[in-house]
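Chemist: this one's structure only:
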(Lines give C-alpha, C1' and ligand atoms only; values in the text may rest on other atoms or scores of the structure.)
Protein backbone atom coordinates (compact mmCIF):
# COMPACT_ATOMS: atom_id res chain seq x y z
CA UNK A 1 0.00 0.00 0.00
CA UNK A 2 1.32 3.42 -0.94
CA UNK A 3 -0.02 6.82 -0.02
CA UNK A 4 1.04 10.04 -1.71
CA UNK A 5 -0.08 13.44 -0.49
CA UNK A 6 -0.19 16.58 -2.58
CA UNK A 7 -1.65 20.07 -2.49
CA UNK A 8 0.34 21.70 0.28
CA UNK A 9 1.96 25.10 0.10
CA UNK A 10 1.68 28.63 1.40
CA UNK A 11 -1.68 30.27 2.01
CA UNK A 12 -2.76 33.44 3.75
CA UNK A 13 -4.83 33.35 6.95
CA UNK A 14 -8.48 32.95 6.09
CA UNK A 15 -7.67 31.21 2.85
CA UNK A 16 -8.46 27.72 1.61
CA UNK A 17 -6.48 24.75 0.43
CA UNK A 18 -7.29 21.21 -0.64
CA UNK A 19 -4.98 18.32 0.08
CA UNK A 20 -5.17 15.06 -1.83
CA UNK A 21 -4.05 11.60 -0.80
CA UNK A 22 -3.78 8.98 -3.52
CA UNK A 23 -3.99 5.49 -2.05
CA UNK A 24 -2.78 2.60 -4.14
CA UNK A 25 -2.56 -1.10 -3.47
CA UNK A 26 -5.35 -1.40 -0.92
CA UNK A 27 -9.05 -2.19 -0.96
CA UNK A 28 -10.51 1.23 -1.61
CA UNK A 29 -13.59 2.11 0.37
CA UNK A 30 -13.05 -0.80 2.76
CA UNK A 31 -10.06 1.01 4.23
CA UNK A 32 -10.04 3.76 6.82
CA UNK A 33 -8.03 6.80 5.81
CA UNK A 34 -7.00 9.51 8.22
CA UNK A 35 -5.30 12.86 7.99
CA UNK A 36 -2.76 13.81 10.63
CA UNK A 37 -0.55 16.83 11.10
CA UNK A 38 2.60 17.61 12.97
CA UNK A 39 3.69 21.13 13.71
CA UNK A 40 7.30 21.89 14.47
CA UNK A 41 8.12 20.91 18.03
CA UNK A 42 4.73 19.31 18.63
CA UNK A 43 3.35 15.80 18.59
CA UNK A 44 1.49 14.40 15.62
CA UNK A 45 -2.25 14.86 15.98
CA UNK A 46 -5.25 13.38 14.24
CA UNK A 47 -7.12 15.90 12.11
CA UNK A 48 -9.82 13.91 10.37
CA UNK A 49 -10.76 10.42 9.30
CA UNK A 50 -13.12 8.68 6.93
CA UNK A 51 -13.95 5.25 8.21
CA UNK A 52 -13.75 2.17 6.03
CA UNK A 53 -16.97 0.40 5.23
CA UNK A 54 -19.51 3.02 6.26
CA UNK A 55 -17.74 6.27 5.33
CA UNK A 56 -18.40 7.88 8.67
CA UNK A 57 -16.26 10.96 9.19
CA UNK A 58 -14.53 12.32 12.25
CA UNK A 59 -12.86 15.64 12.97
CA UNK A 60 -10.65 17.10 15.65
CA UNK A 61 -12.37 19.89 17.57
CA UNK A 62 -9.75 22.34 16.33
CA UNK A 63 -10.80 21.88 12.70
CA UNK A 64 -14.49 21.05 12.97
CA UNK A 65 -16.65 23.22 10.70
CA UNK A 66 -13.56 24.37 8.79
CA UNK A 67 -12.17 21.15 7.31
CA UNK A 68 -14.01 18.54 5.25
CA UNK A 69 -12.78 15.06 4.39
CA UNK A 70 -14.12 13.29 1.35
CA UNK A 71 -13.25 10.56 -1.09
CA UNK A 72 -13.84 9.67 -4.70
CA UNK A 73 -16.29 6.85 -5.47
CA UNK A 74 -13.60 4.21 -5.67
CA UNK A 75 -11.98 5.30 -2.43
CA UNK A 76 -8.64 5.70 -4.14
CA UNK A 77 -8.23 9.41 -3.48
CA UNK A 78 -9.06 11.08 -0.20
CA UNK A 79 -9.33 14.84 0.02
CA UNK A 80 -9.04 17.28 2.87
CA UNK A 81 -10.67 20.59 2.09
CA UNK A 82 -9.38 23.21 4.49
CA UNK A 83 -11.18 26.53 4.79
CA UNK A 84 -10.73 29.54 7.07
CA UNK A 85 -7.13 28.55 7.62
CA UNK A 86 -5.29 29.89 10.64
CA UNK A 87 -1.57 30.24 11.36
CA UNK A 88 -1.94 27.46 13.93
CA UNK A 89 -2.90 25.09 11.10
CA UNK A 90 0.69 25.30 9.87
CA UNK A 91 2.15 21.80 9.93
CA UNK A 92 3.24 18.86 7.86
CA UNK A 93 0.09 16.97 6.91
CA UNK A 94 0.15 13.20 6.52
CA UNK A 95 -2.42 10.75 5.32
CA UNK A 96 -2.54 7.24 6.70
CA UNK A 97 -4.61 4.14 6.10
CA UNK A 98 -5.55 0.81 7.58
CA UNK A 99 -7.80 -1.95 6.34
CA UNK A 100 -11.29 -2.01 7.78
CA UNK A 101 -13.08 0.30 10.18
CA UNK A 102 -11.48 1.86 13.26
CA UNK A 103 -13.26 2.37 16.51
CA UNK A 104 -14.55 5.88 17.05
CA UNK A 105 -12.21 6.25 20.05
CA UNK A 106 -9.15 5.23 18.06
CA UNK A 107 -9.34 7.23 14.88
CA UNK A 108 -6.97 10.01 16.11
CA UNK A 109 -4.30 7.55 17.23
CA UNK A 110 -1.28 7.03 14.99
CA UNK A 111 -0.99 3.40 16.04
CA UNK A 112 -4.40 2.64 14.54
CA UNK A 113 -2.94 3.02 11.03
CA UNK A 114 -0.54 0.77 9.20
CA UNK A 115 0.45 2.80 6.17
CA UNK A 116 1.64 6.38 5.90
CA UNK A 117 2.43 8.92 3.25
CA UNK A 118 5.51 11.12 3.22
CA UNK A 119 3.67 14.29 4.20
CA UNK A 120 3.07 17.67 2.64
CA UNK A 121 3.87 21.04 4.19
CA UNK A 122 1.06 23.51 4.79
CA UNK A 123 2.07 27.00 5.85
CA UNK A 124 -0.51 29.60 6.82
CA UNK A 125 1.10 33.00 6.94
CA UNK A 126 0.68 36.53 5.68
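Modeler: Thanks, I have the structure now. Predicted model, so just to flag it, every value in this text is computed and none were measured.
Chemist: is it true that residue 14 lies in a helix?
Modeler: No: according to DSSP: H, G, I helix; E, B strand; the rest coil, the state of residue 14 is coil, so it is not within a helix.
Chemist: so it versus residue 87, what's the distance?
Modeler: 10 Å (Cβ to Cβ, to the nearest Å). (Glycine included, C-beta is placed from N, CA and C.)
Chemist: correct me, but residue 22 touches residue 79?
Modeler: No: under the criterion of Cβ atoms under 8 Å, residue 22 makes no contact with residue 79, lying 10.4 Å away.
Chemist: give me the more crowded residue out of these two.
Modeler: Ranked by neighbour count (other Cβ atoms under 10 Å), residue 22 and residue 79 place residue 79 first, with 18 against 15.
Chemist: give me the contacts around stretch 51-68.
Modeler: 29-33, 45-50, 69, 71, 80-85, 88-89, 98-102, 104, 107-108 (Cβ atoms under 8 Å, 6 or more residues apart in numbering).
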